[in-house]
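> just coords:
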């Protein structure tokens, strides 16, 4: 059994999601208000310990044409720092439509603007993580294996 953490990293917040122990489903956990790199990483380390996280999936902002822009470079540096800080594998995952998809779901659910702002980051982290978990399952089933 293993748990995986998903991150949606922005300039002001970090949305955090965690998988169940079987790494099948993603649940939104919380949104970290960013203050300093040291405090951000300390909070992520706390979550890693609490949930016995073994792998991290971080959303990578990819341009619609598939290229990596300046924000992608910032995120790749964050991922390198996170690997060094935690000693865990950190997987960059294309997050192109995560925030848009989550916002659409929340709008369809008639969630107020204030409530949307409060939950969109952790929901986006959950969307990113679920995409990764689903891709692993698809890859496993096409190879005839199971996790």
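Done, it's in. Because the structure is a prediction, the values reported are computed rather than measured.
> would you map the helices across the chain?
Along the chain, counting by DSSP state H, helices occupy 37-51, 70-86, 98-108, 113-142.
> format these as a markdown table; extra columns: mean neighbour count.
Glycine gets a C-beta too; all of them are placed from N, C-alpha and C. Formatted as a markdown table, those follow (neighbours: other Cβ atoms under 10 Å):
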| stretch | mean neighbour count |
| --- | --- |
| helix 37-51 | 14 |
| helix 70-86 | 15 |
| helix 98-108 | 16 |
| helix 113-142 | 18 |
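> so which of those comes closest to residue 62?
Residue 62 sits nearest to helix 70-86 of all the helices of the chain, at 6.5 Å, using Cβ to Cβ.
> distance of the residue lying closest to residue 130 once chain neighbours are set aside relative to residue 7?
Of all residues not flanking residue 130 in the chain, residue 26 sits nearest, at 4.1 Å (Cβ to Cβ, 6 or more residues apart in numbering). To residue 7, residue 26 is 11 Å away according to Cβ to Cβ, to the nearest Å.
> now the helices of the chain in TSV, with distance to residue 21 and mean pLDDT?
Output for the helices of the chain, formatted as TSV (distance: least, Cβ to Cβ, whole Å; pLDDT from 0 to 100):
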stretch	distance to residue 21	mean pLDDT
helix 37-51	9	97
helix 70-86	19	95
helix 98-108	24	68
helix 113-142	12	82
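> ok, now which ones touch the residue nearest to residue 19 when sequence neighbours are not counted?
Distances taken as Cβ to Cβ, 6+ apart put residue 4 closest to residue 19, at 4.4 Å, once the chain neighbours are dropped. Residue 4 makes contacts with 18-19, 23, 53-57, 129, 132-133, as judged by Cβ atoms under 8 Å, 6 or more residues apart in numbering.
> just the buried members of these?
Among the contacts of residue 4, those buried by neighbour count (16 or more other Cβ atoms under 10 Å) are 18-19, 23, 53, 55-57, 129, 132-133.
> all set now, cheers.
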